[in-house]
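In: Just to be clear, the model below is a prediction. Sequence and coordinates:
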Amino acid sequence: MSAYWPQLEIITFFLLRIVVGILFIPHGAQKLFGAFGGAQGDGKALPLMSQMGLAGFLEFFGGLLILLGLFTRPAGFVLAGEMAVAYFMVHQRQALWPIQNKGEMAVLFCFAFLLFFAFGAGPWSLDALIWAH
């Protein structure tokens, strides 16, 4: 254990990464597989070769990478960008404040993914296991 990662920080960062991954994967599953009623509430998957299909791919597989702590920095970078795009293309057009435009989740996910981009997955991750020095 390094001085940079005291035990309490290791545990809480690990739990944050797990919870964010678990909460993000279903968004992709809705779009890719029609799970949880589907993205449009009709139980159908969206076309993969569409903007929403690409979003579903990123959300499902990117969320899985975050959950596992594998390629966390690049996944965090891409997913933060996706959430920024989602916020400004979908939510911000409706109203200025996230509380009004229902964009709180996009903003929170965006900044959580920026955190994973900046710090990586932490010591309890596949990244740490694979690329340990």
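Out: Done, it's in. Keep in mind it's a predicted model, so treat the numbers as computed, not measured.

In: So Ala45 versus Ile22, what's the distance?
Out: 21 Å (Cβ to Cβ, to the nearest Å). For every residue, glycine as well, the C-beta is placed using N, CA and C.

In: Which one of the two is surrounded by more residues?
Out: Each of Ala45 and Ile22 has its neighbours counted (other Cβ atoms under 10 Å); Ala45 has more, 17 against 13.

In: Tell me the predicted confidence for the more buried one.
Out: For Ala45, the pLDDT comes out at 94.

In: who are the neighbours in contact with the closest residue to it other than its chain neighbours?
Out: Nearest non-adjacent residue to Ala45, counting by Cβ to Cβ, 6 or more residues apart in numbering: Gly34, 4.4 Å away. By Cβ atoms under 8 Å, 6 or more residues apart in numbering, the residues touching Gly34 are Asp42, Gly43, Lys44, Ala45.

In: Greatest separation within the residues you listed: which pair is it?
Out: Asp42 and Ala45 (10.0 Å; Cβ to Cβ).
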